[in-house]
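Peer 1: the sequence and its predicted three-dimensional model are supplied below.
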Amino acid sequence: MISVRRSLVLALSCLSLLIVGALPVQALSIMDPFNIPAAMDQGTVKAGDGIAYADGQRHHLDVYAPEARGAVAPVVFFIYGGGWNRGERSDYQFVGRALASRGFVTVIADYRLVPEVKYPEFLEDNASALRWVQDNIADYGGDPNRVFLAGHSAGAYNAVMLALDPSFRAEYGVTMPIRGVAALSGPFDFYPFEYGEVRDAFGGAPSPEGTQPINLVTADAPPMYLASGTTDPIVRVQNTENLAAKLTANGVWVTTKYYDGFGHMEPVIAMGALWRWRMPVLDDMIAFFTRFGAFPSGIPYVAIAPTPPQGEFSPMDKIIDEIDQMFEPIAN
């Protein structure tokens, strides 16, 4: 088996080739290096591949699960980001396997993107996928009464909106409880719409203020884990701070984590086995889920702090900075 150390070298090489333009963008996704089989968590299976949850090319999902399944497991519905105009579920295999390695059945769904759709249709797609989870996840070993939402960037926005605005779930008959939400690097307070990607996605909304999670918080909101890198250039950390303050003011449990010196992509990348040594985001998320009922009998795993690689991997920080610069800002 290829060692994680060798996988890291290969990942850095792939990222470098993409950034300098030695390979065409269409030939290599930014996230490909993190999905090298040897670099992902073992003891997991892809239990469902390309399952249709509705009609249409963008209405398919994947299911990841622990390889050794006994009793029914808690469920995470993870929503990827990409400014609402890019993203593929295949890019986040490493997230599905990371959560599965911790005992969760994990669902990652594609959804329609701008310019094909605008707000609120990408939220409606995710609500439709949640209905599939409600109706079918038991067939994959998941417990529909222990469902958590999670997301990164625009996906964090989508997850939080599904939790705060019950009309989306009601439209698709989703009645299962949402035990909690984990949102990484999310835009929650970004009106007026200053940036192009945001205007493209939300500019036609009849009530712009109603698109903002910060304006939808009530005492009925589920517990939330909100995390951000402190130097995020795409979605400023104030988005997390402001939503956390609003949740607290309404008596809602919120756990906040601020990862000092890290940017936008790093929190989600660090969920995977390859770069988990950078920050404890996966263990922080699992601890939050566990607090709110993921494992009634206790934590089913032992958190192990990965050993950082040696100094020859110092270009990593520069590479991540380059990746962040490829994205347009979403929120101040």
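Peer 2: In hand now; what should we look at?
Peer 1: can you give me the strands in the stretch 101-250 of the chain?
Peer 2: All strands of the stretch 101-250 of the chain, identified by DSSP state E, counting those that start in this stretch, fall at 105-109, 142-152, 178-184, 224-229.
Peer 1: quick one: closest of these to residue 34.
Peer 2: Closest approach to residue 34 among the strands of the stretch 101-250 of the chain is made by strand 142-152 (12.7 Å; C-beta to C-beta). Heads up, the C-betas are built off the backbone N, CA and C, glycines and all.
Peer 1: how about the strands of the stretch 101-250 of the chain in CSV, adding distance to residue 85, mean neighbour count and mean pLDDT?
Peer 2: Putting these into CSV (distance: least, C-beta to C-beta, whole Å; neighbours: other C-beta atoms under 10 Å; pLDDT from 0 to 100) gives the following:
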stretch, distance to residue 85, mean neighbour count, mean pLDDT
strand 105-109, 17, 28, 98
strand 142-152, 15, 23, 98
strand 178-184, 19, 26, 98
strand 224-229, 22, 26, 98
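Peer 1: now distance to residue 130 too, for the ones you listed, in CSV please.
Peer 2: Below are the strands of the stretch 101-250 of the chain laid out as CSV (distance: least, C-beta to C-beta, whole Å):
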stretch, distance to residue 130
strand 105-109, 9
strand 142-152, 8
strand 178-184, 9
strand 224-229, 17
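Peer 1: closest to residue 74 out of those?
Peer 2: When those are compared by C-beta to C-beta, strand 142-152 sits nearest residue 74, at 4.1 Å.
Peer 1: so which elements touch the closest one?
Peer 2: If you count contacts as 3 or more C-beta pairs under 8 Å, 6 or more residues apart in numbering; DSSP states H and E, strand 142-152 packs onto strand 73-79, helix 121-136, helix 154-164, strand 178-184.
Peer 1: got TSV for those, with distance to residue 105 too?
Peer 2: As requested, the helices and strands packed on strand 142-152 are arranged in TSV below (distance: least, C-beta to C-beta, whole Å):
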stretch	distance to residue 105
strand 73-79	5
helix 121-136	9
helix 154-164	17
strand 178-184	14
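Peer 1: between these, which gets nearest to residue 215?
Peer 2: Per C-beta to C-beta, nearest to residue 215 of the helices and strands packed on strand 142-152: helix 154-164, 9.1 Å.
Peer 1: which positions in that closest one come out as buried?
Peer 2: Buried positions in helix 154-164, judged by neighbour count with 16 or more other C-beta atoms under 10 Å: 154, 155, 156, 157, 158, 159, 160, 161, 162, 163, 164.
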